[in-house]
Structure formats: structure tokens, C-alpha cells
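Chemist: got a structure for you, letters missing:
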């Protein structure tokens with residue numbers, strides 16, 4: 001019986017309760033398929049012991065200590081960057097290593113020891129392996145663009161990317177704790193870690209000062225948190241002193257690939273310049289570990305607001321249940337799912353691109369099936385720098401001057417007046 005067809009005045013409290021109980025049974029049945037598989041989707045917490053064993057193996061190989069592991073500078077100095085090191089910690093076959101070596105001649109790669117512990121624990125073919133370890137697919141497809149978002153044509157001054165009326169990006173570095181295989185800016189990575197010069201940053205700040213419509217500045221790279229504490233303190237202070245800049249945002253994946261970077265000194269700097277928003281990129285529940293949670297806890301205590309910008313990646317998270325699990329686990333560590341990006345057509349990364357229909361299906365399996373807090377916006381970045389475009393299931397299937405027909409998350413068709421009463 002459709003609830004909307006029932007006149008509540010004609011029913012007793014007991015009859016109303018029976019209707020509610022029938023509806024509750026119906027709703028419970030709708031989540032049965034997810035409940036059957038969710039515990040089999042690994043997380044960094046459920047696999048904590050396995051990851052810890054991999055960590056000990058990597059520490060022994062690198063000759064490090066627990067104190068070293070907690071030091072982000074040690075993590076950076078000891079990134080896995082050679083096939084010999086990769087063989088030593090993963091046991092990869094010679095043929096696989098030759099493939100990595102060939103890819104390395106074209107695209108740079110490096111894996112932090114921390115993230116390598118996830119890779120070793122999960123093994124070949126896992127979602128974290130795909131994101132970290134070079135694959136021959138990167139050089140087998142010559143298609144794709146080096147700059148699909150046209151950033152070179154949306155940079156009014158060096159270091160700035162501007163695609164919107166009231167906000168812009170400052171690109172501050174090409175450094176990352178790990179060079180993700182799906183990176184959208186791999187053209188900037190090069191073979192040498194390099195921060196922007198002070199002069200470039202000064203000119204970028206001067207541009208912001210002269211354009212008082214800019215109220216929101218995103219500091220990114222590379223990974224913005226790989227700037228030194230001194231430079232971050234100076235840059236955030238300069239932005240904070242610009243009266244029309246209301247929001248400072250930082251783009252970083254260190255929470256996921258190098259959580260040791262989120263130390264007390266850094267958090268003390270971030271706490272000085274509210275409001276600071278940090279968007280990171282967790283792509284799979286395996287990346288949500290106790291160490292990542294600790295990093296998030298520190299940032300939250302510093303007053304930072306955390307969001308997640310996942311990328312839809314074939315073989316990593318293009319599965320409705322994996323994405324639901326990811327977003328639910330993110331909320332548990334107080335990271336709000338913000339965007340789900342369609343992977344961009346970047347040279348060497350096309351094997352990661354899932355069909356848009358798969359992204360829409362993922363969204364259909366989120367909306368209504370889980371908390372709205374766990375539902376990001378599915379985004380396609382328009383080519384040539386024309387900005388983010390939301391896409392998703394259509395919930396309005398028909399409309400006229402009198403009414404609209406809505407398709408609910410359960411695919412029920414509901415008539416609703418399209419005008420004010």
C-alpha cells in the first residue's frame with residue numbers, strides 16, 4: 001500500500017504501526033546485498049596487523065627504526081624509487097621489474113615506505129598496488145593529453161590557475177610523497193623535486209591582492225604540504241592578511257601516502273590561520289589506517305575542516321559497494337566525502353578511466369542507500385579549463401507547468417506540484 005494513498009485519520013495507531021513495520025522490512029531488504037559483502041571489503045583498520053607486518057619487513061630492508069618511520073623526512077629520503085628496492089620489498093618477478101624499469105624511463109615513480117606497507121600487505125593486483133606500482137599499460141597506449149584541463153591556458157600569471165570568478169589555485173610545488181600512477185599533473189613532475197621560487201609566489205600573491213573578487217585560494221601542487229613549515233607559515237600568513245581572501249584551502253595527499261607529515265609543528269601553523277580547509281584523496285578503504293586517522297585527528301584538533309576528493313578509478317573503486325564502504329569509513333574518521341572525480345584523459349593513465357555510466361551507477365547506489373553525508377558530488381572536469389560539471393542520475397523524469405515526475409532513490413515515480421501552493 002502506498003503511504004500517500006492512506007488517510008491517516010481513518011487508521012488506528014496499531015494499523016499505522018503495522019504499515020511502518022512493513023516499510024521497515026522493505027528497507028532492510030534493500031540493504032541486504034551490501035551487508036552480505038561489506039565485511040569482505042578490506043580497510044586499513046581490519047588489515048592493521050597485516051600492514052604492520054609489512055611495515056616491519058620494509059623497516060628491516062631499509063635499516064630503519066620505529067623512530068625513523070614516524071619521521072616524515074626519513075620517509076621522503078627513503079622513498080622506494082628503484083626496481084632493486086621494489087624487488088626487495090615485494091618479491092616481484094624479473095619480467096615485472098623490467099616492465100617497471102621501462103615505464104620509469106618515461107614517467108617518474110616513487111612510493112613512500114608508509115604507503116609501500118599497504119602495497120606489500122595487499123599484494124599484486126590490489127587497489128593500492130594499482131595506484132603505486134608502475135604498469136606497462138602506462139606506455140602501451142599513446143593516447144591522452146598532457147594537460148587535459150588546459151591549465152597552461154588558464155594561468156594569468158606564473159603559479160596561478162584560474163577557472164572560476166571568485167577563486168583560484170596557487171601551484172606551489174611538484175613534490176609528492178608518492179607519485180600516483182593516475183596523476184593528473186604528471187607533466188609537472190619531472191625528474192627533480194622543485195618548489196616554486198619565492199618570486200613566483202610573491203607574484204601570485206600580488207595578483208590576488210589586485211583582484212578583490214578572489215575570496216577562496218587553493219594551495220596545491222604536487223602536494224602543498226611538502227613545502228617547509230617556514231614557507232607554509234609565510235604563505236598562509238600572507239593570504240590571511242589579504243582582507244578579501246575569506247578561505248584558505250590546501251590540496252594534499254600526505255594524509256593518505258605520508259601521514260607522518262601531519263605533525264604537531266605543522267598543525268600549530270595551520271591553527272594560526274582559520275578558516276583552513278584541507279581536501280585529500282582517499283580512493284579505497286584500505287587507505288584508511290590508524291595512522292591516517294591519527295593524522296586527521298591532529299588536523300581536526302587544529303581547527304582544520306577535512307574533505308575528500310576521490311577519483312573514480314577502474315580496478316580500484318569503480319564498484320558501488322567499495323565506494324559506499326569508503327565513504328562510510330571516511331565519515332568515521334571525520335572526513336567528509338566531497339567530490340568523486342571522473343578520471344581525466346591524461347597521457348599514460350587511460351587504463352584507469354571507467355565509463356561514466358559506472359560513475360552514475362555508483363551514485364545511484366549511494367543516494368538513499370546511505371547517509372547524505374556519505375554522498376559526494378560526481379564531477380567531470382570539462383576539458384580545456386572550463387571547470388567542474390556535476391553529473392549523476394536524473395531524478396526528474398518529466399515536468400510541465402503543473403507538476404514534475406520524480407524518480408526516487410528506489411526508482412518509484414512520484415508526482416509533485418511544480419508551482420507554489
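Modeler: Perfect, thanks for sending it. Values in this document were obtained by computation on a predicted structure and should not be read as measured data.
Chemist: what's the domain layout of this structure?
Modeler: Following automatic domain parsing, the chain resolves into domains at 3-30, 48-140, 151-390, 394-421.
Chemist: okay, now the closest residue to residue 245 other than its chain neighbours: neighbour count?
Modeler: With sequence-adjacent residues excluded and distances taken as Cβ to Cβ, 6 or more residues apart in numbering, residue 245 is closest to residue 239, at 5.2 Å. (Each C-beta comes from the backbone N, C-alpha and C, glycine too.) Residue crowding around residue 239 was assessed by other Cβ atoms under 10 Å; the count is 20.
Chemist: Distance of residue 239 relative to residue 411?
Modeler: Distance, residue 239 to residue 411, using Cβ to Cβ, to the nearest Å: 47 Å.
Chemist: quick one on the thing from earlier: right, and the domains of the chain - which one's nearest residue 39?
Modeler: Closest of these to residue 39 is domain 151-390, at 9.4 Å (criterion: Cβ to Cβ).
Chemist: Do me a favour and get the end-to-end distance for that closest one?
Modeler: 20 Å (Cα to Cα, to the nearest Å).
Chemist: swap in stretch 141-155?
Modeler: Stretch 141-155 stretches 29 Å from its first residue to its last (Cα to Cα).
Chemist: How about residues contacting it?
Modeler: Residues outside stretch 141-155 that contact it (Cβ atoms under 8 Å, 6 or more residues apart in numbering): 161-163, 184-185, 187, 344-351, 381, 383-386.
Chemist: Inside strands: which ones of the residues you listed?
Modeler: 161, 381 (DSSP state E).
Chemist: Could you count how many residues lie near residue 385?
Modeler: Other residues within reach of residue 385, judged by other Cβ under 10 Å, total 18.
Chemist: Let me see the contact set for it.
Modeler: Applying Cβ under 8 Å, 6+ apart, the residues near residue 385 are 149-151, 153-154, 161, 163.
Chemist: Which pLDDT does the model give residue 190?
Modeler: Residue 190 carries a pLDDT value of 66.
Chemist: to the chain's geometric centre, what's the distance from stretch 181-199?
Modeler: 19 Å (Cα atoms, centre = their mean, to the nearest Å).
Chemist: nope, stretch 178-192 is what I meant
Modeler: When distances are taken as Cα atoms, centre = their mean, stretch 178-192 is centred 16 Å away from the chain's centroid.
Chemist: First-to-last residue distance for it?
Modeler: 14 Å.
Chemist: what does that stretch contact?
Modeler: Counting by Cβ under 8 Å, 6+ apart, 79, 107-112, 115, 130-135, 138, 146-149, 151, 171, 174, 176, 221-222, 253, 257-258, 311, 313, 343-344, 346-349, 352 sit against stretch 178-192.
Chemist: That concludes my questions; thank you for your assistance.
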